[in-house]
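Build the 3D model from these lines:
(chains A and B)
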Amino acid sequence: MQNGVKRIPGGVHPDPRKRTENLETVVMPLPAEVVLPMQQHIGAPCKPTVKKGDRVLVGQVVGAPTDRLAVPIHASVSGTVKAVGPRLYAGGRHITSVQIESDGEQTPDPAIAPITTRDPAEMIASVRDSGIVGLGGAGFPTWFKLTPPPGNTFDTLVVNGAECEPYITSDYREMVEDPMAIIRGIKLVQLMTGIRRVLIGIEDNKARAIDRLIKASEQDPEIDVVTVRTRYPQGGERQLIYAVSGRIVPAGKLPSAVGVLVLSVNTVSSITAWFETGMPLTSRRITCDGGVVAKPQNVRVPVGTRLGDVFDFCGGFTSHPAKVIMGGPMMGVSQFSLDNTVLKQTNALLALAPSEINQEAESVCIRCSRCVTACPMQLMPSTMNRLILDGKSEEAAAVWHLNDCIECGCCSYVCPAARNLVQSFRYGKAEVRLAERRAAQAAAAAGKEK
Amino acid sequence: MELFLTAGSSPHIKAPDTTQSIMRDVLIALLPTTVAGIIFFGLRALVLVLVSVIAAVAAEFVYTKLMKLPMTIMDLSAAVTGLLLALSLSPLVPWWMAAIGAIFAIIIAKMIFGGLGQNFVNPALAARAMMLASWPSQMATFMNPWPATDLVASATPLPALRYGAGQVPTLFESLIGRSSGSIGEVSVIALLIGLAWLLYRRIITVDTPLAYLASFAFFAWLWGQDGLFTGNVLFHVLNGGFLMAAIFMVSDYTTTPMTRLGRIIFGAGAGFLTMAIRAVGGYPEGVTYAILIMNCCVPLIDRAIVPSAFGGPKRQKKEADHA
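The predicted model follows:
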């Protein structure tokens, strides 16, 4: 074991509330139906390959990718397709979704078999077929990450076990319950990418996970477990890379610019599962917690399970939840309906009591500069907020580095005036993108006239 | 079952501190020096404190009502301004002057510029400057502390040192506050207890007060009584309004810069100006004008200092040089 080499700038230390950390993961009984949106990755939506009335088997492709940043979507239950059509999701957009009624049999697709190839290019291509995306958050396709962009090479794999968001323990349970799966996955990634040096970054409040992984990696001198300070957003990609390796990812660049590939522990173990069984990503572990959840725990659920079904399995609500969040309380997305479904990248489901969430009204900035101190990207949140509200988003971007904001929420978290800083930055970034697109269109039109 | 759920932007949780809780902590931090002032200067000090606080809060109440603005007195910032003003006054100032000062601080220096967070100068110091200009003799007449028998002091420690008139207090007297001066500025120990509270509650950081102290101490030493580099640094630090300003004025959120570098520049500039006025200016005390002048520089400082983002060009270079 070694200690992190650098302390990340800024950050906050919210109450961890990891009540589920000592509870064994429970496999949830099959839901009656699942709904699979055709977009669970950052690329374009997949094209449904099934129609109403079709019979599907577990692991069968139901959505085929249409661009490079898309990965296939697989049936997570066996049964009958009940509907294919658009549904409204928390992002505010309608996404084509496939609704499957389970037959309760969970019959796997007979074509499923362990992946035996050990040719790096073929292995990476097969990861695309697995449908695996980064299981920690944004849903970036893993196969795409495994190949560095032209001109860059990887020399270090950073495995992200920081799990700095309050409540969430799904990565922690993976590390405690099956550390060897993570180590085997690391070896597969080493084969695919040629990377030798591996650093597993874990926050120092997760002693058991650190212990398990040190034991599991004893025979592998190339794998080091690195403890980092317990501080949000330690698990942010740029922050973790800095903490474990001292490297700084240049603003606007990807980690590959400094030779680093970052994968979360759950992503690594799902790579293991894919190669060892050939079963695509059709189920995952999620933390179900929050003040109004009767029985908080980690559950393994099929992708596409209704949120309401997960909460019902966890004993239902003891009182009306003030907010239901997919993900953590710092960066998660609040849900407007319990009919929304678990996605591949969903690591937690929280139903929070009124006392747990921020319900303060926004008041004026008192210039206390707590947001400046808390910002892990060393930006000036209050200045950017003022400019954006004045309609000067472009100045906020050009002078004050608005686009470097990672939307971690530290500034809003510490603000005594409860200002909606992060929200304004999302708006400001959208304004800047719009202005850039208009400028490009105007330039194109001017070019045509000539 | 269909539930009504609240949707909203992340983050969904927030640290417990609010504007009101911060102001409450500042009031608590001001309590020891307020009590010390009342002990040494008696009932008149208590009356001035009450009049100033009530006038400040009432002024904000009336202004927000008349202008149909959201009511803001519950954020306690008006109470802080009123208390800071009272503590910076001589106990011999008539109560109505304190009331006018407090109303000026709130209406002219704060509310007209948009209220909390928008004022460009420290309201309490602006009011004090207005009062110095309007009633110079009353503002400069101080009283002897308890248990002295004669009411009016010949001079406070700063002119005593500068012009050789009156008594220069001993170190012990300065520490407990048995010297003549403004209500809240005499007891060093009480002020330091307030500082300890602010630091413990993480209301302020030490950067500005330390920069102010370092710069002030250097120039106090430089501009000595008997030529260059002969100054009595400890005397200057412990007497007059320096400590009060170092703890409660240069650490004011609204009227100081947002970046650490900016705050250090602010503190250093204020330290130089304070001592320049004390040593070579027309007044024995320079704290008020020094900080007001630096307040006016804050927008410039905040515009000039644009931190480079984590991974931005400057920082990258620094790390590369380091490696």
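
what's the helix or strand encompassing B:Val62 packed up against?
Using DSSP states H and E, B:Val62 falls within helix B:43-66. Contact here means 3 or more Cβ pairs under 8 Å, 6 or more residues apart in numbering or on different chains; DSSP states H and E; on that basis helix B:43-66 packs against helix B:19-41, helix B:77-87, helix B:95-104. Every C-beta, even on glycine, is put in place using the N, C-alpha and C of the backbone.

Could you identify which of those helices is most buried?
helix B:77-87 (a mean of 28; mean count of other Cβ atoms under 10 Å in any protein chain shown).

between that one and helix B:43-66, how big is the angle?
150 degrees (axes from the mean of the first three to the mean of the last three Cα atoms, to 10 degrees).

Next, count neighbours for the closest residue to A:Leu343 other than its chain neighbours.
Of all residues beyond its chain neighbours, the one nearest A:Leu343 is A:Gln40 (4.8 Å), with distances taken as Cβ to Cβ, 6 or more residues apart in numbering or on different chains. A:Gln40: 26 surrounding residues under other Cβ atoms under 10 Å in any protein chain shown.

I'd guessed A:Gln40 sits against A:Ala138; true?
No. Contact criterion Cβ atoms under 8 Å: A:Gln40 and A:Ala138 do not qualify, at 10.9 Å.

Can you work out which residues contact both of these two?
Common neighbours of A:Gln40 and A:Ala138, using Cβ atoms under 8 Å, 6 or more residues apart in numbering or on different chains, are A:Gln345.

For residue 223, list the residues it contacts.
Just so you know, I chose chain A. Taking Cβ under 8 Å, 6+ apart as the test, what A:Ile223 contacts is A:183, A:186, A:198, A:200, A:217.

should've been chain B
Counted by Cβ under 8 Å, 6+ apart, B:Trp223 has contacts B:231, B:275-276, B:278-280.

Neighbour-wise, which one of those leads?
Busiest of the contacts of B:Trp223 [other Cβ under 10 Å] is B:Met275, holding 27 neighbours.

Of all the helices and strands packed on helix B:43-66, which one is nearest chain A?
Evaluated over the helices and strands packed on helix B:43-66, closeness to chain A peaks at helix B:19-41, with 4.9 Å, by Cβ to the nearest Cβ.

now the closest one, how far from the centre of its chain.
12 Å (Cα atoms, centre = their mean, to the nearest Å).

so what does that helix touch, helix or strand wise?
helix B:43-66, helix B:77-87, helix B:188-200.

and the angle from it to helix B:77-87?
Going by the same axes, to 10 degrees, helix B:19-41 makes 20 degrees with helix B:77-87.

Render the CA-only coordinates of helix B:19-41 in CSV, please.
The C-alpha trace of helix B:19-41 is given here as CSV (Å, rounded to 0.1, in the frame of the first residue of the first chain):
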residue,chain,number,x,y,z
THR,B,19,-25.9,33.9,6.0
GLN,B,20,-27.8,34.2,9.2
SER,B,21,-25.7,31.7,11.1
ILE,B,22,-22.5,33.4,9.9
MET,B,23,-23.7,36.8,11.1
ARG,B,24,-24.8,35.2,14.4
ASP,B,25,-21.3,33.9,14.8
VAL,B,26,-19.8,37.4,14.2
LEU,B,27,-22.2,38.8,16.8
ILE,B,28,-21.0,36.1,19.3
ALA,B,29,-17.4,36.9,18.4
LEU,B,30,-18.1,40.6,19.2
LEU,B,31,-19.7,39.8,22.5
PRO,B,32,-16.5,39.7,24.7
THR,B,33,-15.2,43.0,23.5
THR,B,34,-18.7,44.6,23.9
VAL,B,35,-18.8,43.3,27.5
ALA,B,36,-15.3,44.6,28.2
GLY,B,37,-16.2,48.0,26.8
ILE,B,38,-19.3,48.2,29.0
ILE,B,39,-17.3,47.2,32.1
PHE,B,40,-14.7,49.8,31.5
PHE,B,41,-16.9,52.6,30.3
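
circling back: turn the helices and strands packed on helix B:43-66 into a markdown table, including mean pLDDT.
As requested, the helices and strands packed on helix B:43-66 are exported to a markdown table (pLDDT from 0 to 100):
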| stretch | mean pLDDT |
| --- | --- |
| helix B:19-41 | 96 |
| helix B:77-87 | 98 |
| helix B:95-104 | 98 |
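
before we move on, the earlier item: next step: the contacts of B:Trp223 restricted to helices.
Using DSSP state H, B:275-276, B:278-280 are the members of the contacts of B:Trp223 that sit in helices.

Show me which of the contacts of A:Ile223 is closest to chain B.
Chain B has its nearest neighbour among the contacts of A:Ile223 in A:Val198, at 21.5 Å by Cβ to the nearest Cβ.

packing partners for the stretch of helix or strand the closest one belongs to?
Using DSSP H and E, A:Val198 sits within strand A:197-203. Other elements packing on strand A:197-203 under the criterion 3+ Cβ pairs under 8 Å, 6+ apart are strand A:156-161, helix A:179-193, helix A:207-216, strand A:223-228, helix A:237-245.

how far is that strand from where the chain is centred?
Using Cα atoms, centre = their mean, the offset of strand A:197-203 from its chain centre is 18 Å.

Sheet-wise, list the partners of that strand with their directions.
Sheet pairing for strand A:197-203, assigned by DSSP bridges, gives strand A:156-161 (parallel), strand A:223-228 (parallel).

picking that back up, Throw the contacts of A:Ile223 into TSV and include neighbour count and pLDDT, thanks.
Below are the contacts of A:Ile223 laid out as TSV (neighbours: other Cβ atoms under 10 Å in any protein chain shown; pLDDT from 0 to 100):
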residue	neighbour count	pLDDT
A:Ile183	23	97
A:Ile186	26	97
A:Val198	23	97
A:Ile200	30	97
A:Ser217	21	95
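
Closest to B:Leu195 out of the residues you listed?
A:Ile200 (43.7 Å; Cβ to Cβ).

Find the nearest non-adjacent residue to A:Gly291, please.
Closest to A:Gly291 by Cβ to Cβ, 6+ apart is A:Ala353, at 3.3 Å.

who are the neighbours in contact with residue 18?
If you meant another chain, say so; for now it's chain A. Contacts of A:Lys18 (Cβ under 8 Å, 6+ apart): A:166-169, A:172.

Chain B is the one I meant
B:Thr18 neighbours (Cβ under 8 Å, 6+ apart): A:360, A:416-418.

restrict these to those near chain B?
A:360, A:416-418 (Cβ under 8 Å from any Cβ of the partner chain).

Show only the entries of these found in strands.
Among these, the subset assigned to strands under DSSP state E is empty.
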